[in-house]
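Chemist: let me see the structure of the following:
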Amino acid sequence: MSSRLVAIVLGIALAVSVGINLFAATAALTALSGQRTIERALEDRQSGEARPSARELLVSLDPEVRREVRRGLREAGLAARPDFQAARTARLQAVEAAQAEPFDRARVEALLATSREAEARGRARLEGDALALMETLEPEDRRAVAALLAGRGRGGGEGRNREPRQERAVQP
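Modeler: Sure, this is the predicted structure:
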């Protein structure tokens, strides 16, 4: 074999080896991160921190009551959405202002306060609408819905900088 052919074969072997190693490293990293996520979920479940989703809480309700509760919660969420969007916008503006030169602490504090106030308004609206909805329910149905007042947020604070969820149809 000529030296040129040997160099080509060794180059191909090297490329294949690098590709296999990259694949193996990616697979290992994915497996480890998935394992950590599963372990965290199990720890939350064991410590009692995790709470069922709204869907899981409402499954025990009569189908007609479930439809009414979902409709009421959807309307409450839509009514509170502008407040939460205002809070998110003010917080993003605060981050931008904090990165700007010269640093204007008063402006950043004002934007953060605006964000907190908007979020508090949205939360108060959601809670008030949920309470009004619960007034219409029978005691056993109200007990199932009352767990929603525990507040869940989006995954316990992880991934807070996500884009807002897209509208989706809620099935009864």
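Chemist: settle this for me: Asn57 is touching Leu149, isn't it.
Modeler: Quick fix: residue 57 reads Leu, not Asn. No: using C-beta atoms under 8 Å, Leu57 is not in contact with Leu149, being 10.8 Å away. Every C-beta, even on glycine, is put in place using the N, C-alpha and C of the backbone.
Chemist: so these two - more neighbours on which side?
Modeler: Leu57 (18 against 11; other C-beta atoms under 10 Å).
Chemist: what helices and strands are in contact with the helix or strand hosting the more buried one?
Modeler: Leu57 is part of helix 54-58, with elements assigned from DSSP states H and E. Helix 54-58 sits against helix 63-99, helix 139-146, with contacts defined as 3 or more C-beta pairs under 8 Å, 6 or more residues apart in numbering; DSSP states H and E.
Chemist: would you list those in a markdown table and tack on distance to Ile20 and mean neighbour count?
Modeler: Compiled in a markdown table, the helices and strands packed on helix 54-58 are given as follows (distance: least, C-beta to C-beta, whole Å; neighbours: other C-beta atoms under 10 Å):
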| stretch | distance to Ile20 | mean neighbour count |
| --- | --- | --- |
| helix 63-99 | 42 | 16 |
| helix 139-146 | 53 | 14 |
